[in-house]
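J.: pasting a predicted model and its sequence here:
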Protein chains: 2
Amino acid sequence: MTVGVSILVDVSGVRDSRFHTRDTWEKILPILIEQGGMRQLHFSSHQFSTVLGEEEQVGGTTAFALLAESHISVHTWPEFDKIVIDIFTCGETSEAERMVAYLEEHIPHDKMNIIRIDRGT
Amino acid sequence: MTVGVSILVDVSGVRDSRFHTRDTWEKILPILIEQGGMRQLHFSSHQFSTVLGEEEQVGGTTAFALLAESHISVHTWPEFDKIVIDIFTCGETSEAERMVAYLEEHIPHDKMNIIRIDRGT
């Protein structure tokens, strides 16, 4: 018996800097959660600042939504053009797949690797 | 090139009800984060209440810590004696493994399945 599914989404070639900012993810995540018909309990996010030499460069973003149906996490690496997203749901898998489709459509990228793993095994 | 590692920990046969409560995870997670030498940015948790027939029964717990080195999430299902923990780190893997060892030692259980997945591939 399983209790849910983890969908691990690795996105490469994300050169649009907007997708590495906290502002963008604070807008996208509520839409994503609505697409999946899920209910948010808590939300938190953080924008990292990276210091390179004498020049301060904006770092990646981390965002997390705790859901009644589990969670979504996002971590971005603007220096590598990469974003890593985890969707863990104990609800309908088809609804989580709608969230993946939304990400695929709305984040300009070169490659998206998706791994699905049954949990509670 | 990878940006981090996801360690997915599925624990079965957790019959000690304390490990399904928010109180316990609010105590364990800071210890776990210290074991891994990591730094917490945000913490949130939620205790679910499940209504079965006329009797209200305490449901599972969800807890989440956003770290400078990524995140830890916990979801518990007391009705199935199961706990699912995700550790995602972009720091030293050896430190994340110390966290896994801590969980293995301190949660009374029948079985612990651990999957490690390189991220950002």
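T.: Now that the structure is in, tell me what you want to look at.

J.: make it CA atoms for all contacts and neighbour counts henceforth
T.: OK.

J.: who does the helix or strand containing A:Ala65 pair up with?
T.: In this structure, A:Ala65 sits in strand A:55-67 according to DSSP states H and E. Using DSSP bridges, strand A:55-67 pairs in its sheet with strand A:40-52 (antiparallel), strand A:70-77 (antiparallel).

J.: how distant is the shortest one from the center of its chain?
T.: Here strand A:70-77 shows a centroid-to-chain-centroid distance of 4 Å under the convention Cα atoms, centre = their mean, to the nearest Å.

J.: and the next helix or strand past that strand?
T.: Next element after strand A:70-77 (DSSP H and E): strand A:82-89.

J.: average model confidence for whatever helix or strand comes next after that next one?
T.: Sequence-wise, the next helix or strand downstream of strand A:82-89 (DSSP H and E) is helix A:93-106. Average pLDDT, helix A:93-106: 91.

J.: other SSEs contacting helix A:93-106?
T.: Under the contact criterion of 3 or more Cα pairs under 8 Å, 6 or more residues apart in numbering or on different chains; DSSP states H and E, helix A:93-106 touches helix A:22-35.

J.: ok, back up a step: out of the strands paired with strand A:55-67, which one sits most buried?
T.: strand A:70-77 (a mean of 24; mean count of other Cα atoms under 10 Å in any protein chain shown).

J.: before we move on, back to that, for the strands paired with strand A:55-67, which one sits closest to A:Thr2?
T.: strand A:70-77 (14.0 Å; Cα to Cα).

J.: so what touches the closest one?
T.: A:19-20, A:59-66, A:82-90, B:62, B:70, B:75 (Cα atoms under 8 Å, 6 or more residues apart in numbering or on different chains).

J.: many thanks, have a good one.
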